[in-house]
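Novice: need a structure here:
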Amino acid sequence: MPSLAAAAAARRAGEALRRGLTGGARYLSSLRPSASTAAASDSDEVLVEGKASARAAVLNRPGHLNALTTTMGARLNKFYASWEDSPDIGFVMMKGSGRAFCAGGDVVRLHKLMNEGKLDECKDFFRTLYSFIYVLGTYLKPHVAILDGVTMGGGGGVSIPGTFRVATDRTVFATPEVHIGFHPDAAASFYLSHLTGHVGEYLALTGEKLNGVDMVALGLATHYSMADHLELVDERLARLVTDDPSVIDTSLAQYGDLVYPDKTSILHRLEVIDKCFSHETVEEIVDALESEAARLNEEWCTLALKRLKEASPLALKVSLRSIREGRYQTLDECLVREYRMSVNGISKPLSHEFSEGVRARLVEKDLAPKWDPPALEFVSEDMVDSYFAPLGEFDAELKLPTELREAFV
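Specialist: The predicted structure is shown next:
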């Protein structure tokens, strides 16, 4: 196996997205867990597959679309630390069981814990997950995430900061947190803010879904493959004995599929998106989008406007500020700020939005959240500032090992 001097190259391979560049992405194929893996007990929330010089972490809660729990975050932290230290392991992979890669954090479980007054357990979840994301974003070995199926919220957090992300024809990506009264977290304020133009604001405020082709086009994914080709990719990667990201890149590309954005692609909307979502306030964004919707009479524009009006007004303003701040922050700075926002957001008096959003969309499913404040004009700057305020004396800020692991700019 080549020397781990290739570690620096592995980090550089992920720099395109981290620096907000697009283009130059290759199209390739992905992996699907074996039938035996998919049938595993839900109690084994993260499984491990061994290959020649690689290990694969398999998110294994298929009945919950592999939604992340504190236990899963802790296991990922443990496995990745062990694999990074092992001279016998050249690269690491992550994939999901069933029809999802990962639907994000298990917010229904968090909602239940909040109702039971177990806020410390909720904070532990965010601390554990964000700590893992920082490890992934500074990992010394190449990382391959197979985004086959639903990839939302925290699912992006445990994959996009890594070296390679393989999208498929089954991939559905979104950051829909504003519709449950929350903010795009798990490093979303970092990677969304570094996308071209103001697409990050658009995705954060509307929760728009992207397919695998558009993920590659925007730089959120590095390769593309038809899901039916995943076994071929798995077989190829299983034979590799390397820690060289260029070798892994080439192997992935060999089984990739060449695809082109169709007429519905987000690429054809970029000019209008930048025109509308570059405005300073959410109110100005809504006004601009209403004007464009009337002028264009296009379905995507009308739907984006509808999504904005369905979201929590407070969450919209908080999320816009988060993306804007993330554009000038390092990964660790974004995670520390997001942790502060998340803890404040689940604590009184701000916890109503998240609790009400999860109730309406995922628990009782009446799809009729009662937001407070109910409209944008009632959201004050003080309310937004409260999310970004330093934590109180009884809550420690998120501590990341920046002195040991380089933070990307």
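Novice: Would you tell me what the next helix or strand after the helix ranked longest in the chain is?
Specialist: Scanning the chain for the longest helix, with DSSP state H as the assignment, gives helix 119-137. Where DSSP states H and E defines the elements, the next helix or strand beyond helix 119-137 is strand 143-147.
Novice: So what angle separates the directions of that next one and helix 119-137?
Specialist: 120 degrees (axes from the mean of the first three to the mean of the last three C-alpha atoms, to 10 degrees).
Novice: Pairing partners for strand 143-147, with directions?
Specialist: Strand 143-147 sits in its sheet next to strand 91-96 (parallel), strand 164-168 (parallel), going by DSSP bridges.
Novice: Could you identify which of the ones you listed is most buried?
Specialist: Comparing those by mean neighbour count (mean count of other C-beta atoms under 10 Å), strand 164-168 comes out on top with a mean of 30. All C-beta spots, glycine's among them, are computed from the backbone N, C-alpha and C.
Novice: Any chance of the strands paired with strand 143-147 in CSV with distance to Ser355 and mean pLDDT as columns?
Specialist: As requested, the strands paired with strand 143-147 are exported to CSV (distance: least, C-beta to C-beta, whole Å; pLDDT from 0 to 100):
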stretch, distance to Ser355, mean pLDDT
strand 91-96, 27, 97
strand 164-168, 32, 97
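Novice: So for Val282, which of those strands sits nearest?
Specialist: Val282 sits nearest to strand 164-168 of all the strands paired with strand 143-147, at 29.4 Å, using C-beta to C-beta.
Novice: low pLDDT regions in the stretch 201-350 of the chain?
Specialist: Across the stretch 201-350 of the chain, no stretch falls below the confidence threshold (pLDDT under 70).
Novice: residue ranges for the helices of it, please.
Specialist: Using DSSP state H, counting those that start in this stretch, the helices of the stretch 201-350 of the chain run over 212-218, 230-239, 245-254, 270-277, 282-296, 299-310, 313-326, 331-345.
Novice: any chance of those helices in JSON lines, with distance to Phe354 and mean neighbour count too?
Specialist: Output for the helices of the stretch 201-350 of the chain, formatted as JSON lines (distance: least, C-beta to C-beta, whole Å; neighbours: other C-beta atoms under 10 Å):
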{"stretch": "helix 212-218", "distance to Phe354": "27", "mean neighbour count": "25"}
{"stretch": "helix 230-239", "distance to Phe354": "35", "mean neighbour count": "18"}
{"stretch": "helix 245-254", "distance to Phe354": "38", "mean neighbour count": "18"}
{"stretch": "helix 270-277", "distance to Phe354": "24", "mean neighbour count": "19"}
{"stretch": "helix 282-296", "distance to Phe354": "18", "mean neighbour count": "17"}
{"stretch": "helix 299-310", "distance to Phe354": "16", "mean neighbour count": "16"}
{"stretch": "helix 313-326", "distance to Phe354": "8", "mean neighbour count": "24"}
{"stretch": "helix 331-345", "distance to Phe354": "6", "mean neighbour count": "23"}
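Novice: As CSV, these with distance to Phe126 would be great.
Specialist: Converted to CSV, the helices of the stretch 201-350 of the chain look like this (distance: least, C-beta to C-beta, whole Å):
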stretch, distance to Phe126
helix 212-218, 25
helix 230-239, 32
helix 245-254, 30
helix 270-277, 27
helix 282-296, 25
helix 299-310, 25
helix 313-326, 15
helix 331-345, 5
